[in-house]
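S.K.: After the sequence you'll find the predicted model.
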Amino acid sequence: MLLIPCPFCGERAEIEFVAGGEAVTRPENPAVLDDAVFTDYLYNRDNRRGALREQWWHAHGCRRWLVVERDTQSNEILSVRDSESAG
C-alpha cells in the first residue's frame, strides 16, 4: 500500500486520494496557443520511468490538491507539497 505524507493531515493511505495524473505547467495564456500546442498541453504526457510530478486530490481528508513527486519504478514518495505553493 502506498502511504502519502499529506502536509496537512499527516501520512495517509493511497485510498484516501484520487490520482489526477502527471502535474503539468499551465500555459499563461492558452487562448493564444495554436491548436497543435494546445492539444499537446491537454493530452500528451511523458509517462516516463523514475521521478515524476503527479497531482493527487486528498478526497477523504483535507480535500486539497497536492503535487507528489514519486518514483514510478519503486513507488517511493520523494516529496509532497500543496499545489497552490508548487509553482
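M.R.: That came through, no problem.
S.K.: quick one, helices of this protein?
M.R.: Using DSSP state H, the helices of the chain run over residues 35-43.
S.K.: wait, isn't S83 in contact with C62?
M.R.: No. Counting by Cβ atoms under 8 Å, S83 does not reach C62; the two are 11.8 Å apart. The C-beta positions use only the backbone N, C-alpha and C, and glycine is treated the same way.
S.K.: Now find how far off-centre the worst-scoring helix or strand of the chain on mean pLDDT is within its chain.
M.R.: When the helices and strands of the chain are compared on mean pLDDT, DSSP states H and E, helix 35-43 comes out lowest with a mean of 92. Distance of helix 35-43 from its chain centroid, counting by Cα atoms, centre = their mean, to the nearest Å, is 19 Å.
S.K.: so who does I4 touch?
M.R.: E11, R12, A13, E14, E16, F17, W56, L66, V68, I77, V80 (Cβ atoms under 8 Å, 6 or more residues apart in numbering).
S.K.: Now, those residues that are in strands?
M.R.: Among those, the members found in strands (DSSP state E) are E11, R12, A13, W56, L66, V68, I77, V80.
S.K.: Pull out the buried residues from those.
M.R.: The neighbour-count test (16 or more other Cβ atoms under 10 Å) marks R12, W56, L66, V68, V80 as buried among the ones in strands among the contacts of I4.
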